[in-house]
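[1] Structure of the sequence below:
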Amino acid sequence: MASPKKNGNATGLRQGLATYGDAGFSLFLRKAFIKAGGYSDDALDRPIVGITNTASDYNPCHGNVPDLVEAVKRGVMLAGALPMVFPTVSIHESFSHPTSMFLRNLMAMDTEEMIRAQPMDSVVLIGGCDKTIPAQLMAAASVDRPAVVLPVGPMLVGHFKGEVLGACTDCRRLWGQYRAGTFSEGDIERVSERLAPTKGTCMVMGTASTMGCMVETLGMGLPGSGSTPATHSDRLRLAEQSGRLAAGMAKQQGPRPSEIMTEAAFRNALTVLQAIGGSTNALVHLTAVARRLGVTIELEQFDAIGRKVPVLVDLKPSGDHYMEHFHWAGGNARLMREIRGHLDESCRTVTGRTLKEVIDAAEIVPGQTVIRTPEEPIKPTGGMAVLRGNLAPRGAVIKHAAATPSLLTHTGRAVVFDSLEDLAARGDDPALDVKADDILVLRNAGPKGAPGMPEAGSFPIPMKLARSGVKDMIRISDARMSGTAFGTIVLHVAPESAVGGPLALVRTGDRITLDVPNRKLELLVPADELDKRLKAWKAPTPHPGSDRGYSGLFHRTVLQADEGVDFDFLGPAKT
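    Numbering: from 1, shown residues only. So this is what the prediction gives:
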């Protein structure tokens, strides 16, 4: 048996040996135990490709992961390397208490440490549901080992009474109709079986689909991997190809994530994010990933991109179609072809090709209308805008592509809810003093305040207004909203109210001005009055359990929305 290398360049089974004080014994013991799996010396002498297994009975979005794992393994072995599958945390949006965002950093840490702890020369990261790919990108950035990201892919559409349905934009739309009394209880039960009819992630341009497009744009996954439907054979072929690619990267020991996810690559991702009318969550996630690499994402830069780049993708919630239509129209590469003048096409991808080569190879589909040209956009400017003002000194975000145009410039009376519990208790109270032109404010729903910054920003219209026909109101919070949601909703207000941000000082009856064209969010209260309120303000009582374990770690170290909601100690690795 060959002795392990004594320098930092060990590969395959010889890297990252357990510490016993005798490196030769460490390697001997490792081989002795792995041979219990029936491996030959020939297999164990090859480069190793790790493959994350994020399958879970609690995660139907990842229901196709076992099939993808087998296809990746096939690709790895066809290329002469050894695949090794290992489990990590799996997060599903609707099965994560208190919120999936609360667990994103845990998954990132788990994935990073498992890549570090186990011998692998490259890794294929299989994820999909909203926070999984961000967590995996954060881990890849931190460990900086050659990596390929393989999204699980979007599910197919459903149908109900002749209408095409998709999770979860139509979940929210139809639930709103049910609350308003225009959709029956029987129908809401039946439609629950039609909204998510197959394995895969939401089939609208929500967070999962947005992050799939970000993977392609950043160059961390294969072209088409962000949009190919989860149930199609093409998805399995992508998995096999990802395995082959990862095997080649293992042999070449590169490229590394830090060589792919450069400052220019993040700028490209922000540009595509605006053009696809993507999820507001993606801005937080990209900020967190970039921070791990020492790259700063400036909100003003993102806003400036949005003023130049229009929304070109006709998908819900900003348009009418679904991810399978986007895919068959040419997908992300075709979209990038329309905005290539705004992109740095010299950026590298894991395939070895430049972004220019990926764009040049985009499929041109005659007659398709899902991906528009800049001359015929869905919206004349990008999907999101960044707001500033005395209510959001470190910024707030609005997805104005999915908002009501008449509300984008509005001054109204604030109706304040102190917490999610307060909202639940009073929001549908018939005696609530609220009118359609008021501005609803929810506070203590940010990273620390909720905790975990839940997708509560698109909270319901008060019942009595919904039943009178009101379909949208301005809502302001330090929370997030689902990428599948719509409405005139101001999010990510920073700093959050739980740490003394100005949102904590708003009182019912105060006047607030929202001016999206001029990027303003102002509380119309004199500065001296706000100073008095701040002096009288008391921080909310920490949540039960926040004195121990992961909850305690989260509460002590989580950063604000403009910093990616990562933990303060997980910045770029020191060299």
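[2] where does the closest residue to residue 226 other than its chain neighbours land in three-state SS?
    Spatially, and ignoring its direct neighbours in sequence, residue 226 is nearest to residue 212 (3.0 Å; CB to CB, 6 or more residues apart in numbering). All C-beta atoms are positioned from the backbone trio N, CA, C, and that covers glycine. On the three-state scheme (DSSP: H, G, I helix; E, B strand; the rest coil), residue 212 is labelled helix.
[3] Quick check: which helices or strands does the worst-scoring helix or strand of the chain on mean pLDDT pack against?
    Least confident element among the helices and strands of the chain, by mean pLDDT, DSSP states H and E: helix 169-179 (a mean of 88). Identification of packing neighbours for helix 169-179 by 3 or more CB pairs under 8 Å, 6 or more residues apart in numbering; DSSP states H and E yields helix 185-191, helix 463-466.
[4] right, so of the ones you listed, which gets closest to residue 389?
    helix 463-466 (26.0 Å; CB to CB).
[5] helix or strand right after that closest one?
    Where DSSP states H and E defines the elements, the next helix or strand beyond helix 463-466 is strand 474-477.
[6] Direction included, what does the helix or strand immediately after that next one in the chain pair against?
    Downstream of strand 474-477, the first helix or strand assigned by DSSP H and E is strand 489-491. In the sheet, strand 489-491 lines up against strand 392-398 (antiparallel), strand 474-477 (parallel) (DSSP bridges).
[7] Put together JSON lines for the ones you listed, with distance to residue 314 and mean pLDDT on each row.
    Shown next, in JSON lines, are these (distance: least, CB to CB, whole Å; pLDDT from 0 to 100):
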{"stretch": "strand 392-398", "distance to residue 314": "20", "mean pLDDT": "98"}
{"stretch": "strand 474-477", "distance to residue 314": "25", "mean pLDDT": "98"}
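[8] can you put the ones you listed in JSON lines and add distance to residue 129?
    Compiled in JSON lines, the strands paired with strand 489-491 are given as follows (distance: least, CB to CB, whole Å):
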{"stretch": "strand 392-398", "distance to residue 129": "22"}
{"stretch": "strand 474-477", "distance to residue 129": "23"}
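[9] for the ones you listed, which one sits closest to residue 161?
    Evaluated over those, closeness to residue 161 peaks at strand 474-477, with 30.0 Å, by CB to CB.
[10] mind listing the helices for the stretch 1-150 of the chain?
    Under the criterion DSSP state H, counting those that start in this stretch, helices of the stretch 1-150 of the chain are mapped to 23-34, 41-44, 65-78, 100-117, 132-143.
[11] Can you say which of those is packed in most?
    Each of the helices of the stretch 1-150 of the chain was scored by mean neighbour count; the highest is helix 132-143, a mean of 28, by mean count of other CB atoms under 10 Å.
[12] Now do the contacts for residue 441.
    Contacts here follow CB atoms under 8 Å, 6 or more residues apart in numbering; on that basis residue 441 touches 414, 415, 416, 417, 475, 476, 477, 503, 506, 512.
[13] ranking the helices and strands packed on helix 169-179 by burial, who's on top?
    helix 463-466 (a mean of 18).
[14] how far is that one from where the chain is centred?
    Offset of helix 463-466 from its chain centre (CA atoms, centre = their mean, to the nearest Å): 31 Å.
[15] All the helices of the stretch 201-350 of the chain, in order from the start?
    Taking DSSP H, counting those that start in this stretch as the test, the helices found in the stretch 201-350 of the chain are 207-218, 233-252, 257-260, 263-275, 281-292, 299-308, 323-328, 331-338.
[16] I'd like to know which of the ones you listed lies nearest to residue 364.
    With CB to CB as the measure, helix 331-338 is the member of the helices of the stretch 201-350 of the chain nearest residue 364 (7.3 Å).
[17] So what touches the helix or strand just after that closest one?
    With elements assigned by DSSP H and E, the helix or strand that comes after helix 331-338 is helix 355-360. Contacts with helix 355-360, where a contact means CB under 8 Å, 6+ apart, come from 216-217, 219, 223, 268, 333, 336-337, 340, 343-349, 351.
[18] which residues touch residue 248?
    Taking CB under 8 Å, 6+ apart, one finds residue 79 in contact with residue 248.
[19] Verify the stated contact: residue 380 with residue 310.
    Yes: using CB atoms under 8 Å, residue 380 is in contact with residue 310, at 5.4 Å.
[20] Between the two, which is the more surrounded one?
    In this view residue 380 and residue 310 are compared by other CB atoms under 10 Å, and residue 310 has more residues nearby, 24 against 10.
[21] Could you check the pLDDT of that one?
    Listed pLDDT for residue 310 reads 97.
[22] List the contacts of it.
    275, 374, 377, 378, 379, 380, 381, 382.
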